[in-house]
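**Student:** sequence below, structure please.
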Amino acid sequence: MEHTGFTEKTVKMDIEETCKKLDLLCIEELEIMEEYIRCKVELEKLMKAGFLNIAKARYIMGKTSVSSLQLPSEDASDVTALCKVVLDKKSSAEDREFQLMLDFKDQGKQVDDVTPAPRKRNITDENKLMEEKPDSKFKTQDSDPLRWFGVLVPQNLRQAQTNFQSALPLVIECANLQLKLLDSYDKHKKALRRKKDISTT
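**Tutor:** Numbers count the residues shown, from 1 in each chain. Below you'll find the model as predicted:
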């Protein structure tokens, strides 16, 4: 009789603990969904502003000057991505998250924008500078997608680029929130099964 009472008490404690875990998981899921909605709203604003700025740039430059015709082909070998998205799996599958490999803070910064302190140079330094500067400047300009649409592009096109650059981290954040929500949902299902198994014993 005492053994039965002890078992019932243990089952009751297990059920209470599982119910508390379910409550915490529900609160966690609601918080993640709230953050996900906020992120999606901000992303929508930035994408909308970016497309509107592209439309204004097309109006200024002409529809043939800002179109898919200026984009490099899939077979182009001289185009490299300015950033890369990787899936980082930390200690376990639950801690996985997407990460950007490159920040946009220094993108578009030209070599001419950096003015070195004046110093006395000899002929060797002059020759070395003439050999290095054009090549480095060419690479910097080539890495900027705005160069696909010309050298003197309107401010709206630059603003569109800024909008999309700001939107990319939000895309990554939304994807990470989705992963967290899926992980929380899996834990929720396991806790429900655990509660059902305890109740039937």
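
**Student:** hey, where'd the helices end up in this protein?
**Tutor:** 2-61, 123-142, 155-200 (DSSP state H).

**Student:** which among those is found nearest to residue 73?
**Tutor:** Nearest to residue 73 among the helices of the chain is helix 123-142 (15.7 Å), distances taken as CB to CB. (Each C-beta comes from the backbone N, C-alpha and C, glycine too.)

**Student:** just give the nearest non-adjacent residue to residue 71, would you?
**Tutor:** Among residues not flanking residue 71 along the chain, residue 148 sits closest, at 6.6 Å (CB to CB, 6 or more residues apart in numbering).

**Student:** how far away is that neighbour from residue 97?
**Tutor:** Distance of residue 148 to residue 97, computed by CB to CB, to the nearest Å: 32 Å.

**Student:** one more: residue 182?
**Tutor:** 12 Å.

**Student:** next: residue 150.
**Tutor:** 38 Å.

**Student:** the two: which is more packed in?
**Tutor:** The residue with more neighbours, out of residue 150 and residue 97, is residue 97; 16 against 13, by other CB atoms under 10 Å.

**Student:** return the helix or strand in this structure with minimum mean pLDDT.
**Tutor:** helix 123-142 (a mean of 41; mean pLDDT, DSSP states H and E).

**Student:** where does the protein have low pLDDT?
**Tutor:** Across the chain, the ranges flagged by pLDDT under 70 are 1-6, 90-94, 103-143, 201.

**Student:** the residue nearest to residue 71 against residue 70, yeah?
**Tutor:** Yes - contact criterion CB atoms under 8 Å: residue 148 and residue 70 qualify, at 4.7 Å.

**Student:** for the residue nearest to residue 71, what are its contacts?
**Tutor:** Residue 148 is in contact with 70-72, counting by CB atoms under 8 Å, 6 or more residues apart in numbering.

**Student:** ok, now with 10 Å
**Tutor:** Shown in contact with residue 148 (CB atoms under 10 Å, 6 or more residues apart in numbering): 66, 69-72, 79, 142.

**Student:** and the residues you listed, which are buried?
**Tutor:** Neighbour-count burial (16 or more other CB atoms under 10 Å) is assigned, among these, to residue 66.
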